[in-house]
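In: Structure, please.
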Amino acid sequence: MASRSRLRELVPGVLVATSDMYMLNTTVIVAGPRCLVVDPGLLPAELHGLAAEVADRGLVVEAGISTHPHWDHLLWSSDLGQAPRYATRMCVDAVEKNRESVLDEPLRGASAKWYAEWEAELAGRLTAMPDEERFSWSGPAADVVVHNAHAVGHCGLFFAELGVLVAGDMLSDIEVPGLDWGQTDQVSEYRDGLSRLAALDGVQVVIPGHGRVGDGSAFQARVAGDLRYLESLAGARPFDDPRLTSWPPMQQQHQGNLDGFAKAHPAA
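Out: This next block holds a predicted model:
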């Protein structure tokens, strides 16, 4: 279990820490003595380490953002302070309506990791963004890219001034698309999410929810790779995606996509 956040600077004012669990990325955008924390996580010691390193840098957390309503993106530590934490309205509603399955069971129930003691009461305490097109704070504003790919109310945050896209659980180099089969026509929703992200002009750095940070070329390649995966899924064509063999959990996610698509499109 990690004991520190290991924040590293990608470009001036943009720090990222990668968890030992699921390679989850936490992004910290810095502006003077204040900062914005996106998807803080993941293990309790990492959350404490994140807060300690932020404090060591003389920073105060102005706000937090969760990109979507999955438990590993909804965490918080009291060490980070009482800053407001935001998400899209659909994300907030999803957490409020399904808190038991989204948070209580993963963090407190039988499936919780035996070694992890999260501050479960702080998880998912979110407020809807006042503007779902542009998130403004003391530092660089972010264009908010809202879609329903991967999860209801998912969002990407594009800091155009920095050329940085925080993509949430999209555009990973280790994960194939994770589709939410509880939604109607998730393949189309995922394509729509990708098209919204692909339309962004000036992406120089892409930070996925899980995996390695990429440059502008990687951003374009990942969009294309995810579209190819969806085309193979919808067209019942062979899959040649290297991510299927690069990380063991992807076989399970891929099988879930195959099963979900077959159930959603029984005549396909």
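In: Report the central residue of this structure.
Out: The residue lying closest to the centre of the chain (CA atoms, centre = their mean) is G168, at 2.6 Å.
In: In three-state terms, label the nearest residue in space to that residue that is not next to it in sequence for me.
Out: Among residues not flanking G168 along the chain, T67 sits closest, at 3.3 Å (CB to CB, 6 or more residues apart in numbering). In this view, the C-beta of every residue, glycine as well, is placed from N, C-alpha and C. Secondary structure, DSSP: H, G, I helix; E, B strand; the rest coil: T67 is coil.
In: backbone phi and psi for T67, please?
Out: phi -80, psi -20 (degrees, to the nearest 10).
In: what's the answer for G124, then?
Out: Dihedral angles (degrees, to the nearest 10) for G124: phi 70, psi 20.
In: is it true that it touches E100?
Out: No - judged on CB atoms under 8 Å, G124 makes no contact with E100 at a distance of 11.2 Å.
In: Between these two, which has more neighbouring residues?
Out: Between G124 and E100, G124 has the larger neighbour count (other CB atoms under 10 Å), namely 26 against 10.
In: roughly how far apart are that one and Q252?
Out: According to CB to CB, to the nearest Å, G124 stands 25 Å off from Q252.
In: Do I have it right that Q183 meets E189?
Out: Yes - counting by CB under 8 Å, Q183 touches E189, with 6.0 Å between them.
In: Paired strands for the helix or strand that contains G64, with orientation please.
Out: Assigned by DSSP states H and E, G64 belongs to strand 60-65. Within its sheet, strand 60-65 is paired with strand 34-38 (parallel), strand 85-87 (parallel), according to DSSP bridges.
In: Can you say which of the ones you listed is nearest to D201?
Out: strand 34-38 (21.0 Å; CB to CB).
In: ok, and the helix or strand in this structure with the lowest average confidence?
Out: In the chain, no helix or strand scores lower on mean pLDDT, DSSP states H and E than helix 105-108, which sits at a mean of 90.
In: Can you classify the closest residue to H150 other than its chain neighbours as helix, strand or coil?
Out: Once flanking residues are discounted, H150 sits nearest to D169: 5.0 Å by CB to CB, 6+ apart. Taken by three-state DSSP, the conformation at D169 corresponds to coil.
In: OK, contacts around D169?
Out: Neighbouring residues of D169 by CB atoms under 8 Å, 6 or more residues apart in numbering: T67, H68, H70, H73, H150, A151, H154, E175, G178, P208, G209, H210.
In: Just confirm L50 contacts L15, I think it does.
Out: No - contact criterion CB under 8 Å: L50 and L15 do not qualify, at 9.8 Å.
In: which residues do the two both contact?
Out: Shared contacts of L50 and L15, counting by CB under 8 Å, 6+ apart, come down to L7, V28.
In: More neighbours: those two, which one.
Out: L50 (28 against 23).
In: Secondary structure element for that one, which one?
Out: Applying DSSP H and E, one finds L50 within helix 44-56.
In: Counting by contacts, list what that helix packs against.
Out: strand 14-18, strand 25-31, strand 34-38 (3 or more CB pairs under 8 Å, 6 or more residues apart in numbering; DSSP states H and E).
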